[in-house]
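S.K.: Compute the structure for the input listed below.
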Amino acid sequence: MNPAIPPDTVVLLEEADSVVSRGDVLVFRKRGALVAHRMVFGLMKKYFFTKGDNRIFMDLFVITEGEIQGRVTGRRDGDSFIPVPGGSGGGWGVPLLRRLFLYFQFLFLSPVFISQIVFISWKGRYSRRPENTGLGGGLK
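M.R.: Residues are numbered from 1 along each chain as shown. Sure, this is the predicted structure:
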């Protein structure tokens, strides 16, 4: 998240309520580590696509609302906290050409994202098998 948030910086979090807007810096847990990235797109207010400020490409994973730990509102600089810009649906300093690139990237990679969303939904619904599935003749 350089230059807005340098690595290993203490950040001030607020609880991410149901209204997460484009440009908010979200903290979420992926592969056992806490990650702070800016939200680029939201889908159905349940799935979020993020990107680090210093990266060209969006993250190749989908964030669900349950993975979000909070929203960054500021970072510590010495004895004071500096507000981190973000939110309000835009105006977060992304030039038009870069914004068009993000839209193109989202459209190009949407089959990957959609397949992840379908897998997450399917995994949640069908994670438990009924005992009598007809497989194995009902033997235990």
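
S.K.: Kindly check the end-to-end length of stretch 16-35 for me.
M.R.: One end of stretch 16-35 sits 15 Å from the other (CA to CA, to the nearest Å).

S.K.: Check which residues of it are buried.
M.R.: 16, 20, 22-28, 35 (16 or more other CB atoms under 10 Å). Placement of C-beta: from N, CA and C, glycine included.

S.K.: Kindly present these as TSV, with separate columns for secondary structure, distance to Q69 and pLDDT.
M.R.: Shown next, in TSV, are the buried residues of stretch 16-35 (DSSP: H, G, I helix; E, B strand; the rest coil; distance: CB to CB, whole Å; pLDDT from 0 to 100):
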residue	secondary structure	distance to Q69	pLDDT
A16	coil	8	79
V20	coil	12	83
R22	coil	19	84
G23	coil	18	86
D24	coil	13	89
V25	strand	12	91
L26	strand	8	92
V27	strand	5	92
F28	strand	6	93
V35	strand	9	91
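
S.K.: I'd like the residues you listed laid out as JSON lines, including distance to F108.
M.R.: Listed next are the buried residues of stretch 16-35 as JSON lines, based on distance: CB to CB, whole Å:
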{"residue": "A16", "distance to F108": "28"}
{"residue": "V20", "distance to F108": "24"}
{"residue": "R22", "distance to F108": "19"}
{"residue": "G23", "distance to F108": "22"}
{"residue": "D24", "distance to F108": "24"}
{"residue": "V25", "distance to F108": "25"}
{"residue": "L26", "distance to F108": "23"}
{"residue": "V27", "distance to F108": "27"}
{"residue": "F28", "distance to F108": "24"}
{"residue": "V35", "distance to F108": "23"}
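
S.K.: Show me the shaky parts of the protein.
M.R.: 18, 87-100, 103, 106, 110, 112-113, 117, 121-140 (pLDDT under 70).
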